[in-house]
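Asker: give me a model of this one.
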Amino acid sequence: MTEVQAFRDTTVPMPPPAPAPRVDRKRRLSPIWLVPIVAALVGVYLAWITFSEKGPTITISFETADGLEAGKTMIKHKEVVFGTVKSLALSEDLSHVEVTAEMTKEAAPHLREGTRFWVVRPRLSLTGSVSGLNTILSGAYIDFDPGQGAEERSFTGLEDPPVVRADVPGTPYLLKADRVGSVGPGSPIYFRDIQVGEVTGFDSSDLEAGVTIHAFVRAPYDRYVYDGTRFWNASGISIDTGTQGFKIQLESLAAVLAGGIAFDTPATARAGEPAKTDAVFTLYHDATSSQDADYTIRLPYLVYFDGSVGGLEPDSPVEWHGIKVGRVVDIKLEYDVAADHLRIPVVIELEPQRITLIGQKQGFGSGGYMPELVRRGLRAQLRTASLLTGQLMVSLDFMPDAPPAELGTGDRYPVIPTVPGEFAAAVKSINGILEKVSTLPLDQVVQQANATLKSFESLASSPEITESLRSLAGALASAQQLLGQANSDLGPVMQKLPPVLTTAQQAVQRLSGTLGSINQGYGADSTFKRDLTRLMSQVDDTLRSIRVLTDYLEQHPESLIRGKSGG
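Answerer: Predicted coordinates for the structure are as follows:
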């Protein structure tokens, strides 16, 4: 028996056969798949939220990207974030920077035509105000002012912040001016010294017609602007050098630094409704010019002056009896070759509305009465308006001594006759005096004066004059001594007084005898002779009074004690 057969005959039992496998065809989801499913759902939700909250993408062009950073610089309005700068790129011509920004959904309704963007950074204005200081630490950001037009996605940024935001209530106006001067964006507008608005800009597209200045007056002050309101330039310091000397005016320190405009309304124009939006006004040079606008009638005339007109200039006053009735418009210089003569034509404007007319005078307001005034002696003359500055003015007045004349007819304007000015008349008088003085024989006068002085010296040292004056002085001293002793010794005095008077009389006679020598040596009509004659007359009167006194005392000696009686 083989080994295989022996193995099969063993008593070891055989294992049962393996059961047939069962296949379960039902699929079950593993819990591990919940993680990616939840993550996917969250991603979809976030994507939907991001897409639904995402606003439009816009582009803003600036001249420079100073202070801007992609991914960091925010776009704000009233400190609320409305977008973020995503990229910065130069334009193809390298003239400006294109800023691409993603805006929020809330910003979409405000992105319209007229929306203004600008970069907020620290700024110092001419008026002294400082803005944007908060950006020193946080960095620059872009601010915007919503517009009111159609939807827009491309904008041009401002290099400076707008002067007035769109949400500020008020009314814009247009001011026509010949020149801007020191007025610019941000210049204040004043009403009765209160700042009520600002200049927002100006339009220089047609400089031949002038400059249009955009002005904004805030509410409620815009209700004081009427169609008859006058605007004038109040910039800087105004110095008037008129007839009253120097007059200095300034609106405020801010107007001095940054320029300014002021306005007011005449009482006669404060009726009706306030002026409408974008109403047009004239911007006058100063307050005086705005007041002169009340005088709408201006009559041009021409006056000719031959002498210098230094100190006379356009806008110099034309006065009548010291009251301004017009102004100087133009000054020229004409040279007549044939006559070899220079003259200066001056064009003036008279404003008859400045003159209150009592009664009726036909043609007064239109200049029809001017020929009659000229026939009555009305003339034009140059006069000094201010001695401090040397400013001249044209004065109209009646000159009774002026030669007869008529109102002339010039090429363009009527000609008013003139008379020499005050200075020219004074120079003419001085020249006449100098001519007379030059004709005098001054050499002979000097020689006669020297001879007279020598005669006076010899006469004064003559013994006759010396002895006469010594005798006269002694006589007067004796008379004074006798009068002092009259109360104590009247009798002796009465006896001594006649000889004293006789001596004095003799001295006077000797002085009279010397008058002949004086007449020969000094002249009968000389000053010394006249003074000496008056002296002799006074001495003679004194002696006569003393003689009358002595006669009275001889008759009434008791009067020294009782005084003179009424009889």
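
Asker: is it true that residue 120 touches residue 142?
Answerer: Yes: the pair residue 120 and residue 142 passes the contact test of C-beta atoms under 8 Å, sitting 7.2 Å apart. For every residue, glycine as well, the C-beta is placed using N, CA and C.

Asker: which one's more surrounded, these two?
Answerer: The neighbour comparison of residue 120 against residue 142 (other C-beta atoms under 10 Å) goes to residue 142, with 24 against 18.

Asker: doesn't the more buried one fall inside a helix?
Answerer: No: counting by DSSP: H, G, I helix; E, B strand; the rest coil, residue 142 is not found in a helix; it is strand.

Asker: need the contact list for the residue lying closest to it once chain neighbours are set aside.
Answerer: In space, and not counting its chain neighbours, residue 142 is closest to residue 75: 4.6 Å by C-beta to C-beta, 6 or more residues apart in numbering. By C-beta atoms under 8 Å, 6 or more residues apart in numbering, the contact set of residue 75 is 81-85, 101, 103, 107, 117, 141-144.

Asker: ditto for residue 56
Answerer: So residue 56 contacts 103, 107-108, 111, 153 (C-beta under 8 Å, 6+ apart).

Asker: as TSV, those residues with pLDDT and neighbour count would be great.
Answerer: Listed next are the contacts of residue 56 as TSV, based on pLDDT from 0 to 100; neighbours: other C-beta atoms under 10 Å:
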residue	pLDDT	neighbour count
103	91	20
107	89	22
108	88	16
111	91	22
153	91	11
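
Asker: now the helix or strand harbouring residue 45 - C-alpha only, PDB.
Answerer: Assigned by DSSP states H and E, residue 45 belongs to helix 34-53. What follows is helix 34-53, C-alpha atoms only, in PDB (Å, rounded to 0.1, in the frame of the first residue of the first chain):
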ATOM      1  CA  LEU A  34     -19.100  65.100   4.700                       C
ATOM      2  CA  VAL A  35     -16.000  67.200   5.100                       C
ATOM      3  CA  PRO A  36     -15.400  68.100   1.400                       C
ATOM      4  CA  ILE A  37     -19.100  68.500   0.900                       C
ATOM      5  CA  VAL A  38     -19.400  71.100   3.700                       C
ATOM      6  CA  ALA A  39     -16.200  72.900   2.500                       C
ATOM      7  CA  ALA A  40     -17.700  73.100  -1.000                       C
ATOM      8  CA  LEU A  41     -20.900  74.500   0.200                       C
ATOM      9  CA  VAL A  42     -19.100  77.100   2.300                       C
ATOM     10  CA  GLY A  43     -17.000  78.100  -0.700                       C
ATOM     11  CA  VAL A  44     -20.100  78.400  -2.900                       C
ATOM     12  CA  TYR A  45     -21.700  80.600  -0.200                       C
ATOM     13  CA  LEU A  46     -18.700  82.800   0.100                       C
ATOM     14  CA  ALA A  47     -18.400  83.100  -3.600                       C
ATOM     15  CA  TRP A  48     -22.000  84.100  -3.800                       C
ATOM     16  CA  ILE A  49     -21.600  86.600  -1.000                       C
ATOM     17  CA  THR A  50     -18.500  88.000  -2.600                       C
ATOM     18  CA  PHE A  51     -20.100  88.300  -6.000                       C
ATOM     19  CA  SER A  52     -23.300  89.800  -4.600                       C
ATOM     20  CA  GLU A  53     -21.400  92.400  -2.500                       C
END
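
Asker: on that earlier part again, residue 345 versus the residue nearest to residue 142, what's the distance?
Answerer: The gap separating residue 75 from residue 345 is 65 Å, by C-beta to C-beta, to the nearest Å.

Asker: report pLDDT for the residue nearest to residue 142.
Answerer: Looking at residue 75, its pLDDT is 93.

Asker: that one in helix, strand or coil?
Answerer: Using three-state DSSP, the structure places residue 75 in strand.
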